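Colleague: Here you go, sequence then predicted model.
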2 protein chains.
Amino acid sequence: MAGKGRTRTSGRPTLEQVAVEANVSRGTASRVVNGSLEVSPYALKAVRDAIRKLGYVPNHAARSLVTQRSDTVLLVVSESEDRVFNEPFFASIVRGISQELSTTALQLNLVMASTARQHDRVEQLVRNGHVDGVMLISLHGDDPLPQNLVAAGAPVALIGRPVTDTGDIPYVDADNEAGARTATEYLYRQGRRRIATITGPRDMAAGLDRLSGYRAALRGKRGVTKLVAQGDFGQASGEAAMRELLARDPDLDAVFAASDPMAAGALRALWTAGRRVPEDVSVIGFDDSELARNTNPLLTSVSQPAQQMGRKVAELLITQLRDQDAQLKPVILPTELICRESA
Amino acid sequence: MAGKGRTRTSGRPTLEQVAVEANVSRGTASRVVNGSLEVSPYALKAVRDAIRKLGYVPNHAARSLVTQRSDTVLLVVSESEDRVFNEPFFASIVRGISQELSTTALQLNLVMASTARQHDRVEQLVRNGHVDGVMLISLHGDDPLPQNLVAAGAPVALIGRPVTDTGDIPYVDADNEAGARTATEYLYRQGRRRIATITGPRDMAAGLDRLSGYRAALRGKRGVTKLVAQGDFGQASGEAAMRELLARDPDLDAVFAASDPMAAGALRALWTAGRRVPEDVSVIGFDDSELARNTNPLLTSVSQPAQQMGRKVAELLITQLRDQDAQLKPVILPTELICRESA
DNA sequence: AAGGTGGATGGGAGCGTTCCCAAATCGCTG
DNA sequence: CAGCGATTTGGGAACGCTCCCATCCACCTT
């Protein structure tokens, strides 16, 4: 475990050296570094010059030892459900978080945690003060982790509305319901009257919300045939669901799929069944993923503002970090229907 | 910046308390924690019991203050080129890294760094000892960052062969050349004789290597018509390139595209031009991305072992961390041709 | 029985900060 | 010109750990 060549005197300048250079005391130098106001303009300048000259940067470990803060936040990815969080989504979320964090001195730590053992590790990280706050993405159903973390005293922010009630834990999510409603209404306004939907898993908020958006859009509309088939967000399930729908109603003329992969699967099943898209059947997906830009025909899809979601979740966390008992409300971001060729 | 309720006496047990509980000295307790052998079995047990009883966990900050190590490694994503690193790829890399890291006490820090300013920040992170080593993914052409980091004294490992020579910096990459060769040979063995390729950007190793793999496969083969069109890994460029190829040789019967999005673009252009895939024209992509599983027809593609690449790059870094001047060679991992419907 | 040997142990020093209290300095006011 | 409050400063203490050296003790050798 021990490195061999241990250098006690690392080349890095210390606050003490800055103080000497600036002809002030360590205390004053510290005050300048931390932006305290009670420093004379003269000392302020002297210290600043010394810092620049020496290239001083605070030692994180030393600071954290005394402040009991780590200035690090954690992003936990429960990978068990990563199939939901496709491609650009994950990367964009991370990008958004990074962006927001770069306005602060906070560092971003990343862990993948699917197993219970890994969840314990996360809890330890928090209890041991290795991280000041936690963001969680792609939570599994009724995962107790967020609650536990809160109990351990850490600020927590979620990406994606949790299915079970988590009390006061703030989260950000796209407006799944409105997105689904808009998509479905779009189909209706195109004159489609036999509109089916392929849903996501029943134990995920995104799946449920998109289904209720579909229902809301068609509620009270006369002369509309509704059809619901169950999927799991994956392409295979979309293809199967589409076949089933076609069997149940050969004349259906539109499908709203709760995910792009399922929409791609549906596209495939429709093609196999000899249906033309969008002439015979309109198809709309959800996520506006890379996939949507590569199907044939190109997929019309509901876009989620992933990067902004990343920024917001970081913001939620930072706010809590600054004010322990800030009361935060969930942030729901608007979606947008991106019209391409399939509807 | 200051938190309000500063608790000097955090509830967390210290090594001192463990020592008291175990009736030994702080030194002995430390030896046990760090796995030193010079501890009597009796003391060993006592300390271990005390640790368990108190739930002791070493304070990272304190340790790193004295050891001058941070026990943290950094993953830098130069997002400027993230279009190359699609979806499952990035996530799988991270997963692989996490996996490998979980066998050690190392933490994973993540930063997105595209701008020069962000690159400077990364350098600072290293110089200030915030991180012990760095992994870089999706490097831009002749980015000097890796060299600078090495100069700053940090172990570095790369994902993806850098275009310009970086001296002794180890990297992991998929065997792009062999993958392209295999794909092209597969087309040849199917009886195709007018085989085109759509290349990636000329300033990226992956693009160049895949092109030379294509060339190698066809070298010396009689009666084969070769056609090369330039792309940039993106779907639009693939579609355009395919149209161009079709114009240059209406009779071509196979295409190897250096990326899946370009293959998807090609598929689209072929469909528009009334060609059937794979009957008239065979198409093979590269990456075996999510996309390949969702096109119509399903895309035959060369798969990269992304997760294993993640593990390997972490391993390269860890080895260097343990032995400052370990001489490491690049790790080239095999690719695999995944046959689906398009060829 | 004295001396030697080596493994196990105790505890001081120091890592680079922040925090806090006491001291110094300054400028007014009466 | 003494006195006083406000502002600024200095430096000790502490954060929790690892490293290292001195000490101790048990056991062996001659």
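Modeller: All right, it came through fine.
Colleague: Pop out the phi and psi values for the closest residue to DNA strand D within the stretch 51-200 of chain A.
Modeller: Nearest residue of the stretch 51-200 of chain A to DNA strand D (C-beta to the nearest atom of the strand) works out as residue A:66 at 3.6 Å. C-beta here means a position set from N, CA and C on the backbone, and glycine is covered the same way. Residue A:66 adopts backbone torsions of phi -90, psi -30, taken as degrees, to the nearest 10.
Colleague: And it, how close does it get to residue A:31?
Modeller: Noted for residue A:66: a distance of 15 Å to residue A:31, by C-beta to C-beta, to the nearest Å.
Colleague: Of those two, which one has the most company?
Modeller: Using other C-beta atoms under 10 Å in any protein chain shown as the criterion, residue A:66 and residue A:31 rank with residue A:31 on top: 18 against 12.
Colleague: Quickly find the element holding the more buried one.
Modeller: Element membership for residue A:31, per DSSP states H and E: helix A:26-33.
Colleague: Please compute how far the next helix or strand after that helix lies from its chain's middle.
Modeller: Per DSSP H and E, helix A:26-33 leads on to helix A:41-54 as the next helix or strand towards the C-terminus. Distance, stretch centre to chain centre, for helix A:41-54: 41 Å (C-alpha atoms, centre = their mean, to the nearest Å).
Colleague: and what of stretch A:274-293?
Modeller: Centre-to-centre, stretch A:274-293 and its host chain are 25 Å apart (C-alpha atoms, centre = their mean).
Colleague: is it up against chain B anywhere?
Modeller: Yes: applying C-beta under 8 Å from any C-beta of the partner chain, one finds stretch A:274-293 in contact with chain B at A:290-291, A:293.
Colleague: now residue A:305: how far from residue A:315?
Modeller: According to C-beta to C-beta, residue A:305 stands 14 Å off from residue A:315.
Colleague: need the residues of the stretch 201-343 of chain A near chain B, please.
Modeller: Counting by C-beta under 8 Å from any C-beta, the positions of the stretch 201-343 of chain A adjacent to chain B are A:235, A:261, A:264-265, A:267-268, A:271, A:290-291, A:293-296, A:324.
Colleague: Show me the residues you listed that map onto helices.
Modeller: Judged by DSSP state H, the subset of those located in helices is A:235, A:261, A:264-265, A:267-268, A:271.
Colleague: for the residues of the stretch 201-343 of chain A next to chain B, which one is nearest residue B:58?
Modeller: Nearest to residue B:58 among these is residue A:324, at 26.1 Å by C-beta to C-beta.
Colleague: Got the confidence number for that closest one?
Modeller: With respect to pLDDT, residue A:324 scores 79.
Colleague: Helix or strand: which one has the closest residue to residue A:25 other than its chain neighbours?
Modeller: Leaving aside its chain neighbours, residue A:25 sits nearest to residue A:19 (5.8 Å; criterion: C-beta to C-beta, 6 or more residues apart in numbering or on different chains). Residue A:19 is part of helix A:15-22 when elements are defined by DSSP H and E.
Colleague: Could you pull out the buried residues of that helix?
Modeller: Neighbour counts over helix A:15-22 (16 or more other C-beta atoms under 10 Å in any protein chain shown) mark A:15, A:18-22 as buried.
Colleague: Just put the residues you listed in JSON lines and tack on pLDDT and distance to DNA strand D.
Modeller: Shown next, in JSON lines, are these (pLDDT from 0 to 100; distance: C-beta to the nearest atom of the strand, whole Å):
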{"residue": "A:15", "pLDDT": "92", "distance to DNA strand D": "10"}
{"residue": "A:18", "pLDDT": "92", "distance to DNA strand D": "12"}
{"residue": "A:19", "pLDDT": "92", "distance to DNA strand D": "7"}
{"residue": "A:20", "pLDDT": "92", "distance to DNA strand D": "10"}
{"residue": "A:21", "pLDDT": "91", "distance to DNA strand D": "12"}
{"residue": "A:22", "pLDDT": "91", "distance to DNA strand D": "9"}
